[in-house]
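In: Quick one: sequence and predicted model below, then my questions.
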Amino acid sequence: DTEVTQTPKHLVMGMTNKKSLKCEQHMGHRAMYWYKQKAKKPPELMFVYSYEKLSINESVPSRFSPECPNSSLLNLHLHALQPEDSALYLCASSHLERQGRGANVLTFGAGSRLTVL
Amino acid sequence: AQSVAQPEDQVNVAEGNPLTVKCTYSVSGNPYLFWYVQYPNRGLQFLLKYITGDNLVKGSYGFEAEFNKSQTSFHLKKPSALVSDSALYFCAVRDSTNAGKSTFGDGTTLTVKP
């Protein structure tokens, strides 16, 4: 299995809703990432998990809450979002350098397109 | 600090002609360099990387890139473009000392016309 699977593909939510984005991979990658991407712009790093522990938080507002329940799953919990948070949210995974295999080549999912009304 | 620049927002080529998408970078240590491609409504797909070794790197779909240390460049090339190569291309760099954090360029939209 060489894929990163993201659900849902599309999500529309109001500013008072609570929702979650989910990501799954079975490639043995021990690093998992959340990126935010606006149209025709580069992906912006939000969070990095290494060995299921949060290793990088790029000063993301607390209305975004990541969770890594195990080595294959990554969630992004959403609460009280703003319309400007509407974007494509990309999950990615990679081997870690200490794993010595294809270090830091990111495998991306197809993304979850979020619209906040 | 690390940064990457893609000086062209848009590159247009005719099918069958060679293509080049430019990328320059800045890092403190040794660079790890990557090219990714994004088709509409999709995630990014890895094309090729330079970590160490030969300066000419070959990747997926007939693409290649040349690492030039003196010019701090990593331009993406293909000898003969296909219409299906039309997409958004991102160059990314990571300092060898900066674990887990790649910086992406702003992207270049490649359009290949029949």
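Out: Looks like it arrived, so ask away. Model, not experiment: these values are computed from the prediction.
In: Flag every residue of chain A that's near chain B.
Out: Proximity of chain A to chain B (C-beta under 8 Å from any C-beta of the partner chain) is limited to residues A:4, A:6, A:31, A:33, A:40-43, A:45, A:48, A:50, A:55-56, A:90, A:92, A:96-97, A:103-111, A:113. Just so you know, the C-beta spots here come from the backbone N, C-alpha and C atoms, and that holds for glycine as well.
In: Just the ones in helices from the residues you listed, please.
Out: Using DSSP state H, no member of these sits in helices.
In: ok, now how distant is the residue nearest the centre of chain A from A:Tyr49?
Out: Central residue of chain A (C-alpha atoms, centre = their mean): A:Trp34, 2.7 Å from the mean position. Distance check for A:Trp34 against A:Tyr49: by C-beta to C-beta, to the nearest Å, it reads 9 Å.
In: which neighbours do those two share?
Out: Shared contacts of A:Trp34 and A:Tyr49 (C-beta atoms under 8 Å, 6 or more residues apart in numbering or on different chains): A:Pro66, A:Leu74.
In: filter the residues of chain A next to chain B to the buried ones?
Out: Listed as buried from those are A:4, A:6, A:31, A:33, A:42-43, A:45, A:48, A:50, A:56, A:90, A:92, A:96, A:103-111, A:113; burial here means 16 or more other C-beta atoms under 10 Å in any protein chain shown.
In: any chance you could map the strands in the chain?
Out: Just going to use chain A. For chain A, the strands defined by DSSP state E cover A:4-7, A:10-13, A:18-25, A:31-37, A:44-50, A:53-57, A:64-70, A:73-79, A:87-94, A:107-108, A:112-116.
In: Not quite, go with chain B.
Out: Remark: strands assigned in chain B by DSSP E are B:3-5, B:10-14, B:19-21, B:24-26, B:31-38, B:44-50, B:56-58, B:64-68, B:73-78, B:87-95, B:103-104, B:108-113.
In: quick one, which of those strands is nearest to A:Arg63?
Out: Set against A:Arg63 and scored by C-beta to C-beta, the strands of chain B come closest in strand B:103-104, at 23.8 Å.
In: in its sheet, what does that closest one sit against?
Out: Applying DSSP bridges to the sheet, strand B:103-104 is found paired with strand B:87-95 (antiparallel).
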